[in-house]
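1. coordinates for the following, if possible.
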Amino acid sequence: MSACSHLILYHHPARVPRASKSLTSYSKDSWARLAAGFPAWRYGKAFSRETTGNRYRLFCVVPDVKIAIVGSGISGLTAAHVLHPDHEITLFEADSRLGGHTNTIRVDGPDETQWVDTGFIVFNDRNYPNFERLLEELEVTSKPSHMSFSVADGLGKFEYAGTPRGVFARPAHLISPSFLRMLADFHRFNREAQELIGMGTSSPSLGDWLDEHNFSKQFVERLIVPQVSAVWSADPAQMWSFPASFMAEFFDNHGMYSLRDRPKWKTVDGGSVRYVESVTEQFGDRIRPSAPVRRIERLDDRVLIEADGCETEAFDEVVIATHSDQALEMLADPSQAEQEILGSIPYLPNEAVLHTDSSLMPRRRAAWASWNYHLGQEAAERSTVTYWMNNLQRLDSATDFFVTLNRSGAVDPAKVLKTIHYSHPMFTVDGVRERERRWEISGVNRTRYAGAYWGWGFHEDGVKSALDACAGPRERIAVAA
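-> You can find the predicted model right below:
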C-alpha cells in the first residue's frame with residue numbers, strides 16, 4: 001500500500017476527492033489522541049475499511065516519496081527514522097563515522113574497556129521529551145548522571161563549585177567581600193533575569209543588561225559568563241552580544257533559577273553511540289558514508305544531489321540536516337531568503353581532547369565538578385572547559401577520564417587519547433531574529449531544513465527540528481509532484 005504524502009480529514013464522505021483512497025476511520029476523540037501524540041505520516045500504512053455514521057475518515061492522496069537526507073547527526077538520523085518506513089530514503093554523510101556530535105570513543109585498558117562520550121553527553125527528564133521518546137522506541141536504556149559546575153584559575157587562588165562542599169572549597173572565600181558579593185549577585189540574578197523571559201529579540205544583549213543592573217565584575221567574569229560560555233561552547237567575549245532573553249528562557253526552561261525542582265539528568269547507558277547503532281540498523285543499506293554532498297540543485301520536478309563517490313541522483317525532496325552554513329554552501333541556487341536566514345548564524349570551531357590528565361582539574365578535590373571552567377590569565381577566544389566523564393557518565397573505572405575544550409596545549413601529550421574537532425552555532429540577536437523566518441525556506445522548493453540551530457542548539461532541538469521538517473507547519477510530509 002502506498003504511503004501518504006499528507007493526511008486529509010473529511011467529516012462528510014461526499015467531500016472526498018475521487019483520487020483519494022480511504023485508509024481508515026477514527027472517532028473524533030480517537031483522532032484527537034492520534035494527531036496529538038504522533039506525526040501523521042506514521043499512519044500511511046493503515047488498512048482500508050468502510051465507515052458509517054458520524055465518524056471522521058482518513059485519506060491518502062500521494063504515493064511514496066524519494067527523499068535525500070543530508071547529514072547523520074541527531075537531526076538527520078531522526079528524519080531518517082521517521083521517514084524510512086513509508087518512503088524511499090537515502091542518507092548522505094560526509095564523514096566515515098555516523099552521528100555528528102554524538103561521538104563515543106572506545107578506550108581499551110589493561111583490564112577494562114570504557115566507552116567515553118566526547119560530544120553529546122547528557123539529557124534530562126524535563127526538556128528532552130522527543131529524544132526520550134526516540135530512545136524508548138529504539139529500546140536504548142539510560143542511567144542517572146550528575147550535573148555540577150566549577151570555576152578555577154588553575155593556580156588555586158580562586159576556585160569554587162556549585163556543590164555543598166565546593167562553594168567554599170577555598171576557605172579564604174568565607175571572608176572575601178568580592179566573593180560574597182558574587183554569591184549575593186547570583187541570587188539577585190536568579191530573581192531579576194526572569195524579567196527577560198518572553199522579550200525575544202526586543203531584549204537587550206546580555207552584556208548591556210548586566211551593566212544596566214550593576215552586577216559586580218567578579219559575578220560577571222567568574223560566574224555568569226563562564227556558565228553561559230560553557231553551556232553553548234561559546235567565545236566568552238561573545239557574551240556581550242549574546243541575546244539576554246535567549247539565555248533567560250533557557251535557564252528558566254532548565255530550572256536553573258532555583259535549587260529546587262530541577263530536572264534529573266541522564267546519560268545513555270554504554271555511551272551515546274548506542275542510539276546511533278540502534279537507529280541505523282533499520283536502514284543501514286540506505287546510508288552512504290564518506291560521501292560529502294557538494295551540490296544540491298532544485299528543479300521544478302526533482303532535486304539533483306551530487307556527492308563524492310556517487311553518481312548524480314534525482315530525488316523528489318531533500319531534508320538538509322547539516323549546520324546552516326554547510327547547508328547554504330551546498331545549494332546551487334540559494335534564494336535570497338535562504339542566504340539571509342542560513343547565513344545569519346556563524347559557527348565557532350572547538351577542539352576537544354579526551355585524556356586522563358587530572359592536572360586540568362581544580363587544585364582542591366572539593367572543587368571538582370562535572371563541568372569545570374578554566375579562568376585564564378588572558379582573555380580566551382574560546383570556551384575552555386574540562387568535563388569529568390566519570391561523573392557525567394558514571395563510569396566504573398579507577399582511571400579518571402576527561403574531555404577538555406580548547407586547552408590542548410595544557411594536556412600532557414602522554415595522556416591524550418583522542419583529539420576531535422567540533423563546531424557550534426553562535427547565537428546573536430540578528431541570528432535569533434532570522435530564525436523566526438524558518439518557514440519561508442523550509443518546506444519550500446522541495447527542500448526542508450533540520451538542525452539544532454533552529455532551537456537552543458542541543459539534542460532535543462535537533463530531534464524536534466527533524467520532526468518539524470518532516471511534518472511542516474501546514475502539511476504532514478514531503479509532497480511529490
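
2. buried residues in the helix or strand hosting R133?
-> The secondary structure element spanning R133 is helix 129-138 (assigned by DSSP states H and E). Neighbour-count burial for helix 129-138 flags N130, F131, E132, L134, L135, L138 (criterion: 16 or more other CB atoms under 10 Å). Bear in mind the C-beta positions are built from the backbone N, C-alpha and C, glycine included.

3. quick one: the third one and D125 touch, right?
-> Yes. E132 is within contact range of D125, at 7.3 Å (criterion: CB atoms under 8 Å).

4. re earlier: return the member of the buried residues of helix 129-138 nearest to G462.
-> Nearest to G462 among those is F131, at 8.2 Å by CB to CB.

5. so W209 sits in a helix?
-> Yes. According to DSSP: H, G, I helix; E, B strand; the rest coil, W209 belongs to a helix.

6. what is the helix holding R133 packed up against?
-> Contact partners of helix 129-138 among helices and strands, from 3 or more CB pairs under 8 Å, 6 or more residues apart in numbering; DSSP states H and E: helix 74-83, helix 273-280, helix 459-471.

7. with adjacent residues omitted, what lies nearest to Y128?
-> Nearest in space to Y128, with sequence neighbours left out and distances taken as CB to CB, 6 or more residues apart in numbering, is E460 at 4.3 Å.

8. got the contact list for that neighbour?
-> Residues near E460 by CB atoms under 8 Å, 6 or more residues apart in numbering: F123, N127, Y128, P129, N130, F131.

9. looking at the residues you listed, which is nearest H421?
-> For those, with H421 as the reference and CB to CB as the criterion, the closest is F123, at 23.2 Å.

10. check contacts around the closest one.
-> Shown here is F123, whose contacts under the criterion CB under 8 Å, 6+ apart are F131, E132, S142, W265, K266, T267, H459, E460.

11. quickly find the element holding it.
-> Mapping F123 onto the secondary structure by DSSP H and E places it in strand 122-124.

12. please identify the most buried of the helices and strands packed on helix 129-138.
-> helix 74-83 (a mean of 27; mean count of other CB atoms under 10 Å).

13. pLDDT on that helix, on average?
-> If you average the pLDDT over helix 74-83, you get 96.

14. same check on stretch 157-167?
-> Stretch 157-167 shows a mean pLDDT of 94.

15. tell me how far the ends of that stretch are from each other?
-> Start to finish, the residues bounding stretch 157-167 are 14 Å apart (CA to CA, to the nearest Å).

16. can you check the pLDDT for the closest residue to T384 other than its chain neighbours?
-> The shortest distance from T384 to any residue other than its chain neighbours is 4.1 Å, reached at H374 (CB to CB, 6+ apart). As summarised for this prediction, H374 has a pLDDT of 94.

17. with the one 3 residues further on instead?
-> Model confidence at Q377, expressed as pLDDT, equals 64.

18. need the strands for the stretch 201-350 of the chain, in chain order.
-> Using DSSP state E, counting those that start in this stretch, the strands of the stretch 201-350 of the chain run over 265-268, 287-288, 293-298, 303-307, 313-315, 317-320, 347-355.

19. repeat that for the stretch 51-200 of the chain.
-> Listed in chain order (using DSSP E, counting those that start in this stretch), the strands of the stretch 51-200 of the chain are 56-60, 66-70, 88-92, 104-108, 113-117, 122-124, 142-144, 149-152, 159-161.

20. could you list the buried residues of the second one?
-> It refers to strand 66-70. Neighbour counts using 16+ other CB under 10 Å place K66, I67, A68, I69, V70 of strand 66-70 among the buried residues.

21. could you do the fifth one as well?
-> Buried residues in strand 113-117, counted by 16+ other CB under 10 Å: Q114, W115, V116, D117.

22. V303: neighbouring residues, count only.
-> Using other CB atoms under 10 Å, V303 has 20 neighbouring residues.

23. one more: A172?
-> Using other CB under 10 Å as the criterion, A172 is surrounded by 10 other residues.

24. T267 too?
-> Other residues within reach of T267, judged by other CB under 10 Å, total 22.

25. between the contacts of E460, which is closest to S358?
-> With CB to CB as the yardstick, the closest approach to S358 among those comes from F123, at 26.6 Å.

26. and of the contacts of E460, the nearest to L196?
-> Nearest to L196 among these, with distances taken as CB to CB, is N127, at 18.5 Å.

27. could you measure from the closest one over to V463?
-> Distance, N127 to V463, by CB to CB, to the nearest Å: 11 Å.

28. let me know the closest of the contacts of F123 to V403.
-> Using CB to CB, T267 is the member of these that sits closest to V403, with 13.1 Å.
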